[in-house]
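**Student:** Could you look at this predicted model? Sequence included:
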Amino acid sequence: MAGPIQLHLDLLVDPAKEAQMLHYFTTTFRPAAMKFPGFVDLKMLKFRVATVGAAPPGMNYRFWLAYESEELRQKWVTSDIHATVWGELEKTFVSKNYDVLIFDL
């Protein structure tokens, strides 16, 4: 099995739904993800400022997930619970057009 990974998504969360998103992420999404084998950590990072260069356009949050391997992350992402909780989280986004970037550690 390959080594640990990090996944990054740059998101545009609807400012009117920001509190709803943060509450759902903290109380439902993150606890569901934590139950899966291989889970390391998961954060929702609020963008503050680009001090050098420019931030990706149309982004106010970065979703950051760490897993022991991509294979184990795939078990989470293809689960029924992920489909449910991600679908609810997506309802707070302005756009579902985001890049999914995976990095090897």
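**Tutor:** The structure has been received and is ready for your questions.

**Student:** Next, please give the residue ranges for the helices of this structure.
**Tutor:** Using DSSP state H, the helices of the chain run over 18-24, 30-34, 70-77, 80-90.

**Student:** Out of those helices, flag the one nearest residue 3.
**Tutor:** When the helices of the chain are ranked by distance to residue 3, counting by Cβ to Cβ, first place goes to helix 70-77 at 9.2 Å. From N, CA and C alone the C-beta is placed, and that goes for glycine too.

**Student:** residue ranges with poor pLDDT in the chain?
**Tutor:** For the chain, residues meeting the criterion pLDDT under 70 lie at 1.

**Student:** What sits closest to the residue nearest to the spatial centre of it if chain neighbours are left out?
**Tutor:** Nearest to the centroid of the C-alpha atoms of the chain, with distances taken as Cα atoms, centre = their mean, sits residue 63, at 3.3 Å. Leaving aside its sequence neighbours, residue 63 sits nearest to residue 9 (Cβ to Cβ, 6 or more residues apart in numbering; 4.1 Å).

**Student:** what does residue 46 give?
**Tutor:** Nearest to residue 46 is residue 61, by Cβ to Cβ, 6+ apart, at 5.8 Å.

**Student:** so that neighbour bridges to which residues?
**Tutor:** Residue 61 has the following beta-bridge partners by DSSP bridges: residue 11, residue 46.

**Student:** Great, nothing more from me.
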